[in-house]
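A.B. asks: using only what follows, build the 3D model:
(3 chains)
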Amino acid sequence: MKLLSFIPVLVVGVLLLYAAKDFPEWGSLDAPASKSPVSSHFIANTGVDTEVPNMVTAVLADYRGFDTMFETVVVFIAGMAVLAILKNSGRKKLVKREFEVDAEPDLIVTNTVRLLVPVIQIFAFYVLAHGHVSPGGGFQGGVLMGASFILVALSWDLETALIRFPFNWTTILGGLGVFLYAGIGLLSMFLGGEFLDYSELANIFTVSREMARYHAMLGVEIGVGLTVTAIMFSLYANLSTEGRHQRGL
Amino acid sequence: MFEDGTIINELLIERLNYLIYVVLLLIGLHAMIAKKNLIKKLIGMSIFQTAIILFYVSIGVKEGSTIPVYLPEHDLHGSHSVPSDTNETSHFEHGPFIVDSSLVRGYANPLPHVLMLTAIVVGVATLGLALALCLRIYQGYGTIEEDEVLAKIERQEMLSKPSIVVKSVDSSKTTNSKAEKPPSKPKVSSSSPSTKRPQAIPKTKAKAASTSAKAKTSRAKSVSPKAKPAASKSTTTGSKKSPAKSKTAASKPTTKAKPKPKVKSKAKPAVRTKSSSPAKKATASKPKPRTPKK
Amino acid sequence: MGLALFNTFILLLLVVAALLALRVKDLLTASVVFAVYSFLMCLLWAEMGAVDVAFTEATVGAGISTVVLIATIFNLKRKSSD
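C.D. replies: Next up, the predicted model:
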């Protein structure tokens, strides 16, 4: 079996290496991916169309907004699936896990985390809101926000984190994020444009059509951030306790 | 050895990224195939995934380009005057403008970055899903080693076999004569339906139910000529006729047998007879695939 | 040339980290080495100009997925057979 498994690996490897010599040279300006009109259009027109300096955010939330919406839905569904798989599944009585130790939350750790968590959360908001002009956006900000709650759960225990972020909220916030994203898309549809065509929102925001796209992108990113925050924390809470939500890692 | 044009030069110097991407992809692939531990398989899957992301990011690189965020001279907020010219010096007076094609090459390609950014986040969500499945496997079997899980499934099949074989000898005989689908060990396949796939088993299952119900009423009759029309009927005409005899299995699926496809409509009586017929016979059968004593 | 050297160095370290993550028998060690792998990947992408991808990989790959892996291994057996 061990040797047999090398056969497909070698076949795939030979094929890929055979193809690799036809790849464009590394960093070549004439590579097909770099010469494609799509990416050239994105680089050239993002500033005019949306006034967003970070092209990645603009392409993510505006040009390819439909894609990102369903990526968010996938994240949400994965979180719900983990909840469904692990809910009421585990041993009801608590058994001692293999490398579990009974210890009080450490004084140094908890006090450091107490100082650190607000900073992390402010940084998460910054990353989310500042994603238009610097690297960042809804996914990164949401993950950072979820990580701050995970940090609380790691340094105290899961119950302490669940006081701050009750578990029911994860479902609600996750759904709310997707709803916010789709709602902005639907709103622009009702205002006469196409689905996720944010420039139609200019009447609501009372700004130019470009700035309407800018602001709507922020709303979309907030939706993504809500979903990712909720699902990341939900993943940790479910996996660390086998769905029991008590006495976690 | 390192002159221009040789394959070593091409792969090692100019295309090292692509070479490493292939190597990482193969490492991940091999781990997914050969490792027995499920967590190791998942780590291999993640390595596979990052290798593909490395490939995508590598093809978006341009020599001497900057990150895909506009430089200040290409993006000024506020003013919206139409640019009169694309002269480098006059950019500061104008607002955002269509970046010149010569300047487009100065920015890295943003499209692969966008595609991969979402792929990473979705990747961790699916990793969490896979880990949840690992937890369930561990709860059910007490191990996450693939071969041990398979051995436990095998042992459960062996344990659940004798109780149902005792149940009716003739049903196992008919399956022996009739079911050529699993030729290797037909007894196990007829007696332990829970681990088999539904589309392979329903034929023998519905037939076994009908013949066993029939054989209960008329035990003295010879089995093999009787079983042949019954089996052919249950396979071809579906669950119209034979379920009328085996009463518990019948009543529900008859209504939905016609519009549904064949596999679906027969999978339902298969499950039903499995749970009902051992109870009817009152033999001590305990087909419990899940929750073994640990 | 300096950047190319950095690139090559990271790429070789990546292979080492990937092999090591799959080689060690302790799953906890494996997940920590996998975090190292993710962070090396993040450095590589930041060097290639994909800052958003690097940021995501630093938060998700080196952060959340390691935590999730460790949280799962906490409920499983720590030793692996291979």
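A.B. asks: can you pull the contacts of B:Leu16?
C.D. replies: With contact taken as C-beta atoms under 8 Å, 6 or more residues apart in numbering or on different chains, B:Leu16 is in contact with A:Trp26, C:Asn7, C:Thr8, C:Leu11. (Glycine included, C-beta is placed from N, CA and C.)
A.B. asks: out of these, list just those in helices.
C.D. replies: Here DSSP state H is the test, and the contacts of B:Leu16 give C:Asn7, C:Thr8, C:Leu11 as lying in helices.
A.B. asks: those: which ones sit near chain B?
C.D. replies: Among these, the ones lying near chain B by C-beta under 8 Å from any C-beta of the partner chain are C:Asn7, C:Thr8, C:Leu11.
A.B. asks: show me which of these is closest to B:Ala119.
C.D. replies: Using C-beta to C-beta, C:Leu11 is the member of those that lies nearest B:Ala119, at 20.4 Å.
A.B. asks: mind telling me what element the most centrally placed residue in chain C is part of?
C.D. replies: Geometric centre of chain C, nearest residue: C:Tyr37, 2.1 Å, by C-alpha atoms, centre = their mean. Using DSSP states H and E, C:Tyr37 sits in helix C:27-48.
A.B. asks: pop out the phi and psi values for B:Ile144.
C.D. replies: Torsion angles at B:Ile144 (phi, psi; degrees, to the nearest 10) stand at phi -120, psi 20.
A.B. asks: in chain A, which helix has the most residues?
C.D. replies: Across chain A, the longest stretch assigned as helix under DSSP H is helix A:209-241.
A.B. asks: ok, A:Val228 touching A:Gly142?
C.D. replies: Yes: checked against C-beta atoms under 8 Å, the pair A:Val228 and A:Gly142 is within contact range at 2.9 Å.
A.B. asks: contacting residues around A:Thr68?
C.D. replies: Neighbouring residues of A:Thr68 by C-beta under 8 Å, 6+ apart: A:Leu60, A:Ala61, A:Tyr181, A:Val220, A:Val224, B:Thr118.
A.B. asks: and the helix or strand harbouring A:Ile108, what does it pack against?
C.D. replies: Using DSSP H and E, A:Ile108 maps to helix A:107-129. When contacts are defined as 3 or more C-beta pairs under 8 Å, 6 or more residues apart in numbering or on different chains; DSSP states H and E, helix A:107-129 packs onto helix A:138-155, helix A:209-241.
A.B. asks: of all these, which one is nearest B:Ile53?
C.D. replies: helix A:138-155 (14.1 Å).
A.B. asks: how far does the helix or strand just after the closest one sit from its chain's centre?
C.D. replies: Using DSSP H and E, the next helix or strand after helix A:138-155 towards the C-terminus is helix A:158-164. In this view, helix A:158-164 has its centroid 22 Å away from the chain centroid, taken as C-alpha atoms, centre = their mean, to the nearest Å.
A.B. asks: on contacts alone, who are the packing partners of helix A:158-164?
C.D. replies: Applying 3+ C-beta pairs under 8 Å, 6+ apart, we find helix A:158-164 packed against helix A:138-155, helix A:209-241.
A.B. asks: buried stuff in the helix or strand that that helix is followed by?
C.D. replies: Going down the chain from helix A:158-164, the next helix or strand is helix A:167-190, by DSSP H and E. For helix A:167-190, a neighbour-count test (16 or more other C-beta atoms under 10 Å in any protein chain shown) marks A:167, A:169-171, A:173-174, A:176-178, A:180-182, A:184-185, A:187-188 as buried.
A.B. asks: in contact with C:Phe34, which residues?
C.D. replies: Contacts for C:Phe34 (C-beta under 8 Å, 6+ apart) come out as B:Ile43, B:Ser46, B:Ile47, C:Ala17, C:Ala21, C:Ser65, C:Thr66, C:Leu69.
A.B. asks: who does the helix or strand containing the fifth one touch, helix- and strand-wise?
C.D. replies: Read that as C:Ala21. Element membership for C:Ala21, per DSSP H and E: helix C:2-23. For helix C:2-23, the packing partners by 3+ C-beta pairs under 8 Å, 6+ apart come out as helix B:16-34, helix B:38-59, helix C:27-48.
A.B. asks: now the angle from that helix to helix B:38-59?
C.D. replies: Helix C:2-23 and helix B:38-59 meet at an angle of 160 degrees, taking axes from the mean of the first three to the mean of the last three C-alpha atoms, to 10 degrees as the criterion.
A.B. asks: may I have helix C:2-23 exported as PDB, CA atoms only?
C.D. replies: Provided in PDB are the C-alpha atoms of helix C:2-23 (Å, rounded to 0.1, in the frame of the first residue of the first chain):
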ATOM      1  CA  GLY C   2      18.900  39.300  -2.800                       C
ATOM      2  CA  LEU C   3      15.200  38.900  -3.200                       C
ATOM      3  CA  ALA C   4      15.700  35.800  -5.300                       C
ATOM      4  CA  LEU C   5      17.900  34.400  -2.600                       C
ATOM      5  CA  PHE C   6      15.300  35.100   0.000                       C
ATOM      6  CA  ASN C   7      12.700  33.400  -2.200                       C
ATOM      7  CA  THR C   8      14.800  30.300  -2.700                       C
ATOM      8  CA  PHE C   9      15.500  30.000   1.000                       C
ATOM      9  CA  ILE C  10      11.800  30.200   1.900                       C
ATOM     10  CA  LEU C  11      10.800  27.800  -0.800                       C
ATOM     11  CA  LEU C  12      13.300  25.200   0.400                       C
ATOM     12  CA  LEU C  13      12.200  25.700   4.000                       C
ATOM     13  CA  LEU C  14       8.700  25.100   2.900                       C
ATOM     14  CA  VAL C  15       9.500  21.700   1.600                       C
ATOM     15  CA  VAL C  16      11.300  20.900   4.800                       C
ATOM     16  CA  ALA C  17       8.400  22.100   6.900                       C
ATOM     17  CA  ALA C  18       5.900  20.200   4.900                       C
ATOM     18  CA  LEU C  19       7.800  17.000   5.100                       C
ATOM     19  CA  LEU C  20       8.300  17.500   8.800                       C
ATOM     20  CA  ALA C  21       4.700  18.200   9.500                       C
ATOM     21  CA  LEU C  22       3.800  14.900   7.900                       C
ATOM     22  CA  ARG C  23       6.700  12.900   9.300                       C
END
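A.B. asks: buried set for it?
C.D. replies: So for helix C:2-23, counting by 16+ other C-beta under 10 Å, buried means C:Asn7, C:Ile10, C:Leu11, C:Leu14, C:Ala17, C:Ala18, C:Leu19, C:Ala21, C:Leu22.
A.B. asks: specify which member of the contacts of B:Leu16 is nearest to chain B.
C.D. replies: Nearest to chain B among those, counting by C-beta to the nearest C-beta, is C:Leu11 at 4.4 Å.
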